[in-house]
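*Asks:* the sequence isn't on hand, but the structure is:
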């Protein structure tokens, strides 16, 4: 089972967004039979079978094991991944695209960057899996609490200088066999719980 599957087909996205099917995929993080799922969810076996067929048609689950009870055959099913992300590719021409945003300091540009990461890395990861190769990537995820807006501005200047210095040191446009990589750095305020929320902040 994959940790995460990126869905780029619109029909597959529609299938997984159905609330019952989404719940079934959650339940199928461990193998289970249709009868067991019907009992857990309190839904008629016929309806469970219908939704399972849709999930199977879209390769969102598969048979993990088959057992025989007397003359009957029972299938244990398992989801294809522990979690799913819908790629902006599934939205076609209305998908978010940073190229359409002129304001690089806007929240919409940041969101479009995130969408592009899902689309590009999803494609690359699928190709790497099909080729039996590892996809080299780097992620840094941390938190920083600034004492003041002045400190935040100073941090932005220092970070920009450090990134530009590193890019100038390692970038080689003419290196034989070199492969370009995309480097994206983003920062945004952390969401606050209701008890932490300052009424003056969004």
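*Replies:* Alright, I've got the coordinates. From a predicted model like this one, the values you see are computed outputs, not experimental measurements.

*Asks:* list phi and psi for residue 6.
*Replies:* phi -100, psi 120 (degrees, to the nearest 10).

*Asks:* hey, where'd the helices end up in this structure?
*Replies:* 10-17, 19-27, 34-41, 45-57, 107-130, 149-170 (DSSP state H).

*Asks:* where does pLDDT dip in the chain?
*Replies:* 196-202 (pLDDT under 70).

*Asks:* can I see the domain layout of it?
*Replies:* 2-84, 87-169 (the TED database).

*Asks:* picking up where we left off before, now the helices of the chain in CSV, with distance to residue 178 and mean neighbour count?
*Replies:* The way it works is simple: take the backbone N, C-alpha and C, and place the C-beta from them, glycine included. Shown next, in CSV, are the helices of the chain (distance: least, CB to CB, whole Å; neighbours: other CB atoms under 10 Å):
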stretch, distance to residue 178, mean neighbour count
helix 10-17, 35, 16
helix 19-27, 40, 16
helix 34-41, 50, 15
helix 45-57, 42, 15
helix 107-130, 17, 15
helix 149-170, 10, 10
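
*Asks:* of these, which is nearest residue 65?
*Replies:* helix 34-41 (12.7 Å; CB to CB).

*Asks:* so how far is that closest one off the chain centroid?
*Replies:* 28 Å (CA atoms, centre = their mean, to the nearest Å).

*Asks:* ditto for stretch 64-79
*Replies:* 31 Å.

*Asks:* now the residue nearest the centre of the chain: closest residue in space that isn't a chain neighbour?
*Replies:* For the chain, the residue nearest the mean C-alpha position is residue 85 (3.7 Å; CA atoms, centre = their mean). Distances taken as CB to CB, 6 or more residues apart in numbering place residue 6 nearest to residue 85, at 5.1 Å, with adjacent residues excluded.
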